[in-house]
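J.: the sequence and its predicted three-dimensional model are supplied below.
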Amino acid sequence: MSAFIYIGGEIGGLFTLLGIFVTAIIGLSLLKSQGGAVMTRIRADLAQGRAPVGSIADSISLAVGGILMLIPGYVTDFIGILLFIPGLRTIAGAWILHQLVTNNRFKGFVHVGGQARGGGQGGFAPHDPRPFHDADDVIEGDVTEHRPPSDRFNKR
């Protein structure tokens, strides 16, 4: 906030406001162009049977960078621009992904190597040791629907 106020005092309020809009537009255009390239790389990796880990790290970094570019402020814009640099965005995206995986709030939803990390059994019912059931776990039965008589149409 202090950097925003300092720069606003140096260049004036109009140019400060204009700068916020320009950096937001630049951030959105970078997100669109580089995001499309990353999505193409993810599709190519999946088509070749490879895990798109680096591309997913890039996409996480691009999403965070785009959000930071939309937040008004020059410090957030600078950090957001750094997250669009190709080599740096992979490292930053991998770090962000690691932070999400190790954060206690998300442990019930993250599976690594087929095993749940924290929480109940994979975020499912804690008493169920098998979060996914086999196809032979089907219970057959009959269903009968009972409807109460409708007095709405039988009024006298």
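T.: Thanks, I have the structure now. Numbering: from 1, shown residues only.

J.: pick out the residue nearest the middle of the chain.
T.: In the chain, the residue lying closest to the centroid (CA atoms, centre = their mean) is I60, at 6.8 Å.

J.: for G141, see how far away that one is.
T.: Applying CB to CB, to the nearest Å, the value for I60 to G141 is 45 Å. The way it works is simple: take the backbone N, C-alpha and C, and place the C-beta from them, glycine included.

J.: distance between the ends of stretch 59-78?
T.: Using CA to CA, to the nearest Å, the end-to-end distance of stretch 59-78 comes to 18 Å.

J.: which parts of it are buried?
T.: Buried residues in stretch 59-78, defined by neighbour count with 16 or more other CB atoms under 10 Å: 59-66, 68-70, 73-74, 76-77.

J.: point out where this structure drops to low pLDDT.
T.: By pLDDT under 70, the weakly predicted segments of the chain are 106-138, 150-156.

J.: quick one, helices of it?
T.: 2-11, 13-47, 53-70, 74-82, 86-102 (DSSP state H).

J.: distance to P149 added to those, as JSON lines?
T.: Listed next are the helices of the chain as JSON lines, based on distance: least, CB to CB, whole Å:
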{"stretch": "helix 2-11", "distance to P149": "69"}
{"stretch": "helix 13-47", "distance to P149": "56"}
{"stretch": "helix 53-70", "distance to P149": "56"}
{"stretch": "helix 74-82", "distance to P149": "64"}
{"stretch": "helix 86-102", "distance to P149": "55"}
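
J.: winner for burial among these?
T.: Across the helices of the chain, averaging neighbours per residue (mean count of other CB atoms under 10 Å) puts helix 53-70 on top, at a mean of 20.
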